[in-house]
Structures are given as C-alpha cells and as structure tokens.
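Student: structure here, sequence nowhere to be found:
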DNA sequence: TTGTAAGCGTTATCAG
DNA sequence: CTGATAACGCTTACAA
C-alpha cells in the first residue's frame, strides 16, 4: 500500500503539502501541485479512507436502510430497490462516499444494527429505501440518533431538516395517466387498486379523481388474478366503463388476465398501470405504464446527502410509456 | 463519542488493558475483565471500526458487487438480489462486518470503483451477486487484485480458492420438479425456456431430460406472452403433452396467459416454474414453483467469507412449493 | 497480569 | 506558500 508519505518523498515535499495537493488547496503553488500529482500518478496512489475519516472525525459513509426481512408489504410495495440502490451507489461512488447497508430479521435487530453503525461514529447519514407508516426503525433513528435521514417514498411523517423525502408526484402521475386515457378517446375510466390505505395508491387515486372532473368515478378493488367473478360483476354494473387505470403494473396484469379469461378481446378495454415493470412490457398486449425513474430517485437521495442544500422535499419526474394496452 | 481511554479511566486500568478486554484476551484476569466490561456498559461504549481497522491494517468490510446498470440480462436473470443482499447483510451485521456496495453505469466504471475500494485497502473480499459469462469485471478482480471472491450463481469460470461459488443445484431442481409432475400423474411433460445459453436454464433442462428417462422430450421456446400462434402450433404438433416445466415463473406465467387466451381451462395443463416469485403466488391458478432460497444463498456466501473454511463450492437446497397449477 | 509507547495514514494547527 | 508536529482511536511489542 502506497501512502501519502511515499508520494511526498518522491515529489520532494512534506506529507502535509502532499495532503494539501490531494485536496486541491489553493495555498499551494501550481508548480508543486504538478510535481505532487505526477508523483501520485507514478505511484498509483489512492488515499486511505479509514485514515482520512479518523483524522477528520468526519465520515464519508452513508447507510442504506433496507426493510426488515419479513416485512412483505414494504418489500413488495417497492420492486425498485435495486434500481434505487444503483442510483445511490453511482452518485456516492462519484463523490467518494462509501455506501453501507443495514437490515435485519426484525425491527429490533435492525435498530440494534443501526445503533451500532451510528455509535461507532461511522455513519450519520441514512437513506431509507422504503417508506411505511409508523415505522419503529425510522422513529428510532429520528429520536435517538443525530443522523440525517432521507426517505425514498411517500412521506408518512412530517418533513423536517433531519427527515427529508425524495418521491414522485404520485397525484400528478395519476392525473396525467388518466388524462392520457381520456385523450386517447376512452370515455369512462375506472381506477383499480389493491389497498387504498397505502399512500402511493391513495395519491394516484387522488390524481385519477382530479382528472375526471365532471365524469363519474368507478372503483374496483382487486387483490389477485383469482377474482374473476368480482370483475365480471363490476363490468356488468359498470357497462359504460371502457378503460382502467391500475394502481400498479401487477394489479393491471391481474386484471388483464381476468379479462382474457372472461373471453374478452385483447383491446376490449384500455388498460394502464404504474412503475413500468419488466413484466408489463412482455405481457400481451404490452402495458402502458408510468415510469417513475427509480434510478433517479436514488441519485437525488444521494445528492441531497452529499451536498449542501436547502431542499428537504424533492420530486422526481415521471414519464408515461405508451404501449399496446391503450389502443 | 466515548473512546477506549474513557473506559480505561473509569475502570482504573490502562487503555491497552481495556483493549485486551474488548478482545477477550486470555492474558487478562477475570477480575479486571469484569471491571472493564462494567465500565463499557456504563459508558455505552462501542469501538470505532475505522480506528481498529487502521491500527490492524485489517478490514472487516465486504463489498457486494452489483451488475452494472444497463446490464438488463444480469438484472432480470436474478429477481432475488434484494433477498440475497439481505442474507449477506444479516450475517455480516451479526459478525461485525460492514457491507459496502459497488456498481456503475458501465463495466469500466464499475472496475474503477472496485479498484478504488481495493486499493484504498478497505476491501479485499467481494461477493458478486450476479453470474455471467466472460464478465470483464469479474476477470479484472481475479487477475488484478488480491481480493477473495464469492459468486452467487452458476459458475462460469473455474472454481478456485480465490473464486468460490454459492449456488443451487439447478440440475437436481429440474429433475425434482419434472419428477414431481410425473408423480402427480402427468404423462408427457414439456420444457419451456427462453434462452438455453443461460447456464441456469440449461441446467434445469438437463435435470428435466434426466427425469424423463425413456419418455420423449418436448421443447418450447417462449420469450413473451405475445406468441399465441407459436403455442397453438406446439400444442397441435405435440398433442400428447399434458404438462409444462418452465425455466422460471415469468415464462410459466406467459404460457399460462397464452393458454387462457386459447380458451383452455385453468387446469387443462399442469404447469410449474422456478424461483417462487411473488407474482406466481397471485396468479390464477397459483403456480407451483421451486423455491431456491435466495436469502440462504446470501447467508452462505457471507459465511464463506467471514469464517475459515475449506469449502469453495456450496449448494443451497431447493424446495418445491405445491400450488394449484399442478392439479 | 498489566502498563508504556510507538505506530496505522491522514489532516489541522501553527510556525516560518 | 510550505514544513514540523500533534492528534484521530485503537492495537501491539516490549517492559515491568
């Protein structure tokens, strides 16, 4: 391992000078900067973060908090962890931050792990990649630690300087998607959800309602692709409906399967979902969906933590991906 | 932040003694151990890893290598990243290892990031959570670094002490699943795949073939739920087929959709997949599938790296989850 | 069995 | 502008 002393020696300067060059201090002459940088290159030097952090009492680590293992809702609510994480990691790598992970089997275990991470003085910046109501883990971090926190997802708690959010504008997305269907010529659009008590589904529903204006609302609650009867009844009671906005792609696909099973043609109804999941692209007819850009969500969350900023609530754009399921 | 000096002072010993107690050295008397531990408890002390690692020139960090962002195949091949990662993190947290992440937009960027991590002397243990043929990133780590590596997935390269694997026995799983269908009374089982050049699909196919023994093989290549014609033709040419083993749940679901579209009853054919994906449970009829225990895969990978062991190839058990799609 | 002191690689303070 | 020196928190010879 080559250290900053080696660099200094080769460049014929003192370690402190070399250190200053490393940080591009403006109290160093261009001449020596050149010399030192040359030496760094020759020795293929890269600084030791452990030592840097120890000396600085700083730390360039951010912790990603994953949902606990058995938290099915949190896990399935958000099929984009990987992409969010990739976004976070990309930004952090660029900015020379290390990314560490924390999770556990249970809330208690996760809290213990987070405490350890935070007490060791290693990490005082966390990104929660899930968002859920009354999360004891989140509450703990807020109350018992000094850590700065970003949540990716819908805010359940109050937004503060120490608890900031990166999210999509789900209300707007719901509105946009519904309007898109209306513009495509569909007359009566229904909203399909699985659990309205989830903020995301609720937000998208608000947007849907908003887009309808004078038009009548049609609501269908669908939890699996088993519920053929339920859908048949719905179609009978709501014969005017000619399109569906589903709260997510999975729900949309369940509906699609049921419609097929009911013997309806592929394009009998307009159908659109959210999240632009892989499976939605491959299904027949391929599903129009709202891309929510999870990668960008992750990037923004990481940026918020790695730079001075006043923002504490940040919205990431969405995009409607038009496919065959909407005429 | 409370340091080991604080502990030592409170316990009335020297820092080195306190340090020794921290590591349960056997050259310290039980009496002083007790005193020191008491002090640690009182002060709620926990050691600073940065300092420990710096002093030790050791490092208790392992790096998880994610596929690069645009590597769709690697990403969709493996819908279990999150669970694998949770397994890894759980074990590492228990054993006081930190987990760090690396990824990038491109192979080059990822390689740069890994080099940095490794040169800084921070990390010399990596877990690749994806496995792919001729991966330049993997090759780089093998050839240019001293790092120990574990790959979760099918080995593409030679297994060595420095490149170890944790995987399922996919051949056996293919065999087991096919045999299960045969035992259920299905007579002629077909294998459905999307790309046989992927080791996983190929392995499962080998197992399928193995289970058939005297029986005839039937192969169907299906890439999306669009291909209604293709399936109709297949059924015509292979009228004796009464069940399908699909290379994964997604493929199974595509087939299920097409069969429905062809007007066939839900249980006209037996159908089973692999991976026990969420969507397979919710689909109608719910899908029999092989659970491959990704969480355990992650745990085993982490164990391999955090304890002395001679094993360099480890198989994790699979389980057939029986649902409605197989009578 | 315990304490002293040097050192891990870096940075910050203070002199020059 | 640059260089010595002490310090970050911990470990480990070496000494006692």
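Tutor: That came in fine, so what should we check first? Here the structure is a predicted model, which means the values were calculated and not measured.
Student: who in chain A is up against DNA strand D?
Tutor: Within chain A, the positions adjacent to DNA strand D are A:12-17, A:20, A:27-29, A:31-32, A:51, A:54-55, A:57, A:121 by Cβ under 7 Å from any atom of the strand. C-beta coordinates here come from the backbone N, C-alpha and C atoms, glycine included.
Student: report pLDDT for residue A:120.
Tutor: Model confidence at residue A:120, given as pLDDT, is 77.
Student: isn't it up against residue B:51?
Tutor: No. The criterion here is Cβ atoms under 8 Å, and residue A:120 misses it with residue B:51 at 9.5 Å.
Student: what is in contact with these two at once?
Tutor: Common neighbours of residue A:120 and residue B:51, using Cβ atoms under 8 Å, 6 or more residues apart in numbering or on different chains, do not exist here.
Student: now the helices for chain A?
Tutor: Taking DSSP state H as the criterion, chain A contains helices spanning A:4-11, A:15-22, A:30-43, A:49-56, A:72-77, A:81-94, A:107-119, A:136-144, A:170-183, A:199-212, A:228-237, A:249-261, A:278-282, A:294-306.
Student: how far is the last one from where the chain is centred?
Tutor: A distance of 8 Å separates the C-alpha centroid of helix A:294-306 from that of its chain, computed with Cα atoms, centre = their mean, to the nearest Å.
Student: could you list the low-pLDDT ranges of the stretch 1-150 of chain A?
Tutor: A:76-79, A:121 (pLDDT under 70).
Student: OK, contacts around the closest residue in space to residue A:47 that isn't next to it in sequence?
Tutor: Spatial nearest neighbour of residue A:47, excluding adjacent residues (Cβ to Cβ, 6 or more residues apart in numbering or on different chains): residue A:22 at 6.2 Å. Listed by Cβ under 8 Å, 6+ apart, the contact set of residue A:22 reads A:4, A:40, A:47.
Student: swap in residue A:267?
Tutor: A:285, A:324-325, A:327.
Student: equivalent analysis for residue A:86, please.
Tutor: Listed by Cβ under 8 Å, 6+ apart, the contact partners of residue A:86 are A:295, A:298, B:66, B:69, B:103.
Student: what residues does the stretch 51-200 of chain A put near chain B?
Tutor: The stretch 51-200 of chain A has residues A:51, A:53-54, A:59, A:64, A:66, A:69, A:75-76, A:81-82, A:85-86, A:89-90, A:93, A:98-105, A:109, A:113, A:116, A:119-122 near chain B, with proximity defined as Cβ under 8 Å from any Cβ of the partner chain.
Student: out of these, who's near DNA strand C?
Tutor: A:51, A:54.
Student: drop anything exposed from the residues of chain A next to DNA strand D.
Tutor: A:13, A:17, A:20, A:28, A:32, A:51, A:54, A:121 (16 or more other Cβ atoms under 10 Å in any protein chain shown).
Student: dump the residue contacts of the closest residue to residue A:221 other than its chain neighbours.
Tutor: Nearest non-adjacent residue to residue A:221, counting by Cβ to Cβ, 6+ apart: residue A:193, 6.0 Å away. Each residue near residue A:193 by Cβ under 8 Å, 6+ apart is listed here: A:201, A:205, A:219-222, A:246-247, A:251.
Student: since that was my last question, I'll sign off now.
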